[in-house]
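Asker: Have a look at this fold, sequence not included:
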């Protein structure tokens, strides 16, 4: 599958033209290991080490679409992995803070972002279930790892008024869209997905 074939497949589900253009523009091959680059434009996850994967482009596009970004948002990206999801978010928002728990993956993500020419992402090392309070609140939060029971309270606390959060939640993992309206937090369950688990800290605390 090449880039054009991937976009054709993704646009059968995702309608946001800005998101489709971001998927087209971000060089996914910069975020996969060299020996897997021949498959970079396949619509499937690929291993990146540490038991982690670079997410399926369709799922990345769908999550970005649900965040409904207009270009001026400060975004928290939890479970940064390869940096690919953050790179797509960075083309749709103003600035991205991407939290990755593994130092080696964070280093690789920084290098890949430079190679891709993405300058508005800061990759930090930390426990994603705790978010990144230093830059909060966030207009949008993307969680690319599954919470077994619920979205960690720390992430919801770091969401700005009128902010949106998208995350896979539950043992059977469904995308969950959360909107914050002042003190009111609304959650909407959406389609099933499959992600690696959120950090051990949150799982033990549950």
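Answerer: Sure, I can see it. Keep in mind it's a predicted model, so treat the numbers as computed, not measured. Numbering: from 1, shown residues only.
Asker: Can you point out the buried residues in the longest strand seen in the chain?
Answerer: Assignment by DSSP state E gives strand 159-169 as the longest strand of the chain. Buried residues in strand 159-169, counted by 16 or more other C-beta atoms under 10 Å: 159, 163-169. Just so you know, the C-beta spots here come from the backbone N, C-alpha and C atoms, and that holds for glycine as well.
Asker: Identify the residues contacting residue 66.
Answerer: 164, 166, 175, 177, 190 (C-beta atoms under 8 Å, 6 or more residues apart in numbering).
Asker: again, only using 6 Å
Answerer: By C-beta atoms under 6 Å, 6 or more residues apart in numbering, the contact set of residue 66 is 166, 177.
Asker: follow-up on the earlier one: ok, the buried residues of strand 159-169 vs residue 149, which is closest?
Answerer: Checking the buried residues of strand 159-169 against residue 149 with C-beta to C-beta, the nearest one is residue 169 at 7.6 Å.
Asker: Leaving out the residues flanking it, which one is nearest to the closest one?
Answerer: residue 176 (4.4 Å; C-beta to C-beta, 6 or more residues apart in numbering).
Asker: Quick check: pLDDT value at that neighbour.
Answerer: Predicted confidence (pLDDT) for residue 176: 96.
Asker: and it, how many neighbours?
Answerer: Close neighbours of residue 176, defined as other C-beta atoms under 10 Å, add up to 21.
Asker: Could you point out the helix or strand that follows the longest helix along the chain?
Answerer: In the chain, with assignment by DSSP state H, the single longest helix is helix 103-115. Next along the chain after helix 103-115, taking DSSP states H and E as the criterion, comes strand 121-125.
Asker: From the buried residues of strand 159-169, pick the one nearest residue 23.
Answerer: residue 166 (16.0 Å).
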